[in-house]
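Need a 3D model of the sequence below.
(chains A and B)
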Amino acid sequence: MSDKFYITTPIYYVNSAPHLGTVYCTLAADTIRRYQAMLGRRTLLVTGSDEHSQNVERAAKKKGLSPYDFSTELAAEFQREWNLFGIPYRFIRTSDPRHHETVQWLFGRCRANGYIEKGSYTGQYCFNCELYVNDAGPGDPCPDCQRPTETVTEENYFFKLSKFEKPLLELYEKQPDFVVPDYRMNEIISFVRGGLRDLSITRSNLQWGIPVPVEGHHVFYVWFDALISYLTAVRDEGWWPADVHLIGKDILRFHAIYWPAFLMAADLPLPRRIVAHGWILKDSVKMSKSRGNVVRPEPLRQVIGADPLRYFLLREIPFGQDGNFSYDALITRLNADLANGLGNLVSRTLTMIRQYRGGRIPAGTPDEAIRQQAEETIRAWRAAFDAFEFHRGLEQLWSLLGAVDKAIVAYQPWILAKKEDAESQAKLDTILSTAAEVIRIAAVLLAPVMPEAAQKIWSQLGMAGIVESERLDRLAWGGLGKDQAIGEVEAVFPRLDMAKTIAKIEQIDEAEAARIDALLGRAPAAESQPAWQRPEGVPPLAPEITIDDFARVDLRVAKVLAAERVKGADKLLHLTVDVAEEKPRTIVAGIAEKYAPEELVGRKVVIVANLAPRKLRGLVSQGMIVAASLENGPPVLVGPWEDVPVGARLK
RNA sequence: GCCGGUGUAGCUCAGUGGUUAGAGCGACGGUCUCAUAAUCCGUAGGUCGUAGGUUCAAAUCCUACCGCCGGCACCA
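Sure thing, here's the model as predicted:
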């Protein structure tokens, strides 16, 4: 087993400020790092900022800053957040000259090994998403943002990803836990089995990026930039390879396929594991800027504290799965588990020790059942944390705490205290020392999850030193000092009032939202009247066109003669339509989810009649049906209000 | 359409062949008093998605179907 442990979070895109999702990932990484440190390893957590992109260029311009200065402000915002959360980290910025060097160096190695090739590429590009849209035709909208794509031809450098199909599959086979959870590993395997295409890794249409060391104006594609920061951060220091790349499930493919392929091409060691977590949903709905339901972390931290938030996120959400966040669930769980559970147990135990034993933890014979359960809990905790199943470890520990609460009631120490016989006094010593010992063990186990609270409990128990310098691999029953004097007793987890707590969070959130808008250079919401907001699902207007542009589009009224489902496709209908031509046309339309074939026959619809034919599922579609829809909404067919002969042109 | 997962008490989930199917939370009733209106006890009566099948015995294995989730394909 290695004595070092290097973990990374993604480097976060400076397009937005930290939100609950990034905080979740970073807190989890911090917990894993602390856990590993308590196993005696040298540890390092790297996080950072991903700064090169056209979006950043644009946002900076809007704010009147250079991309670098804009990014500097945002990078500072991230660092500030991690500082406030008490997370030790090393921060890497992609704009750092050291990083530029590393990327160019890696490019050089891949090239020298024959895995880089020059080629040209023509495709539909979405400037908003900075993505090529596979298989899109001219004028097609972007699948993600619905904005129109533009036809772009670039001479680019390609990474020969296709050569790594086999090596990657061998890697996955040899290391089935390369990707965690296992169902994500399966997804990756089946994706790679489906074949890999070479990857264009340079762009010539932006400036704000890392220059490719060749003639021309190329910069590197974001993924042949961002991923490499994991390497830049620790070059020549012996930390590489990373032990864990902790990421969100949305960027798994880049980490599990591209990244190992880049490293193989450059003859470098591969990271040991890619661990993908799920998304946090707000009230069961995905968080997004357009929905305006993004949860800002600062108000939560300020009102309930970093530790309780850490506990909630790791306990409530089975790691790897999507999880739900709501104020109600948060406060309910914190009150139940932390205030009523752990906090109250510490409080009642220490109070009894003070009242019945003068503030000294008596040396007693342990309660055997509790001792056994405690030792089992330590084992289970280790197993759960090694497998990134934090919620299971926490669950186990809490059932131990519950057992202690039950035992206290069974022993009735308040009655024992009033009896003077030796047997009663011995029993009193047993329950008090047993409870105190469990609390000591809990403090050590919890230290990676709630470092501050664990330290408080540790000190209240009268333990000397720093709880995090304890070794989890040596943790066992019986670590209390003889006749140890306890410290000052104080509530560690105050009970939260649901309504007041939520009100406080929302109040702080208002100011925080405004501060972040200003930081990102977004229009500040006018004070008197709220800024107009585009209704959900309504896409922004396409760029202006002239009448001539419009005249090039030939829209015609057509009548559906026949309709049937297309085999092997959910969304496609095969339509035969009459457009007053010599022969009826075939049109393949993606409306099968909304319209049954039989209800279409005989209807008059509008088609784009002069669209270049396109092959879909083996059928040649000669045109496109006009339908209206919101983003991701069902299409609604458009037809004439009054009857009009087929073949009529729309102008 | 293909691949994978999943469907268990109001909620979140545990339970991979064998006594009357469990936990936590929430709710209701009761209790102790060491404790943060905490703890503890009891109650809540869930066709274990549906229909078949295998078996002495199935929530647990098999088949089909339905719902949901994810990936891919496909579309807009």
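
Surely A:Val467 and A:Ala447 touch.
Yes: with contact defined as C-beta atoms under 8 Å, A:Val467 reaches A:Ala447; the gap is 4.8 Å. Every C-beta, even on glycine, is put in place using the N, C-alpha and C of the backbone.

Mutual contacts of those two, please.
Contact criterion C-beta atoms under 8 Å, 6 or more residues apart in numbering; residues shared by A:Val467 and A:Ala447: A:454-455.

more crowded one of the two?
A:Ala447 (26 against 22; other C-beta atoms under 10 Å).

Distance of the more buried one relative to A:Glu420?
39 Å (C-beta to C-beta, to the nearest Å).

Not counting sequence-adjacent ones, nearest residue to the residue in the stretch 201-350 of chain A that RNA strand B sits nearest to?
For the stretch 201-350 of chain A and RNA strand B, the shortest gap (C-beta to the nearest atom of the strand) falls at A:Gly343, measuring 2.0 Å. Here the nearest residue to A:Gly343 in space, its sequence neighbours aside, is A:Phe493; by C-beta to C-beta, 6 or more residues apart in numbering that works out to 3.7 Å.

same question, A:Ile466
Nearest non-adjacent residue to A:Ile466 (C-beta to C-beta, 6+ apart): A:Gln455, at 6.9 Å.

in the stretch 251-400 of chain A, which spans are strands?
Assigned by DSSP state E, counting those that start in this stretch, the stretch 251-400 of chain A shows strands spanning A:274-277, A:280-282, A:285-286, A:323-325.

any idea of the mean pLDDT in stretch A:486-504?
On average, the pLDDT along stretch A:486-504 is 92.

Revised request: answer the last question for stretch A:384-391.
Mean predicted lDDT for stretch A:384-391 stands at 90.

what about it, how long is it end to end?
8 Å (C-alpha to C-alpha, to the nearest Å).

Buried residues in it, which are they?
For stretch A:384-391, burial by neighbour count (16 or more other C-beta atoms under 10 Å) applies to A:384-385, A:388-391.

okay if I get the residues you listed as TSV plus distance to RNA strand B?
Below are the buried residues of stretch A:384-391 laid out as TSV (distance: C-beta to the nearest atom of the strand, whole Å):
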residue	distance to RNA strand B
A:Ala384	12
A:Phe385	17
A:Phe388	14
A:Glu389	10
A:Phe390	14
A:His391	8
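
Okay, and which of these map to helices?
Among those, the residues falling in helices (DSSP state H) are A:384-385, A:390-391.

Wait, the residue nearest to A:Ile466 touches A:Glu468, no?
Yes: in this structure, A:Gln455 is within contact of A:Glu468 by C-beta under 8 Å, at 7.5 Å.

Quick check: neighbours shared by these two?
Listed contacts common to A:Gln455 and A:Glu468 are A:Ala447; contacts here mean C-beta under 8 Å, 6+ apart.

What parts of the stretch 151-300 of chain A come near RNA strand B?
For the stretch 151-300 of chain A, the residues in contact with RNA strand B (C-beta under 7 Å from any atom of the strand) are A:183, A:186-187, A:190-191, A:194, A:253.

again, only using 6 Å
A:183, A:186-187, A:190-191, A:194 (C-beta under 6 Å from any atom of the strand).

in chain A, what secondary structure element scores lowest on mean pLDDT?
None of the helices or strands of chain A scores lower by mean pLDDT, DSSP states H and E than strand A:131-133, at a mean of 59.

Which helix or strand contains the residue nearest to A:Tyr411 when sequence neighbours are not counted?
Of all residues not flanking A:Tyr411 in the chain, A:Ile431 sits nearest, at 4.0 Å (C-beta to C-beta, 6+ apart). Here A:Ile431, judged by DSSP states H and E, is contained in helix A:422-446.
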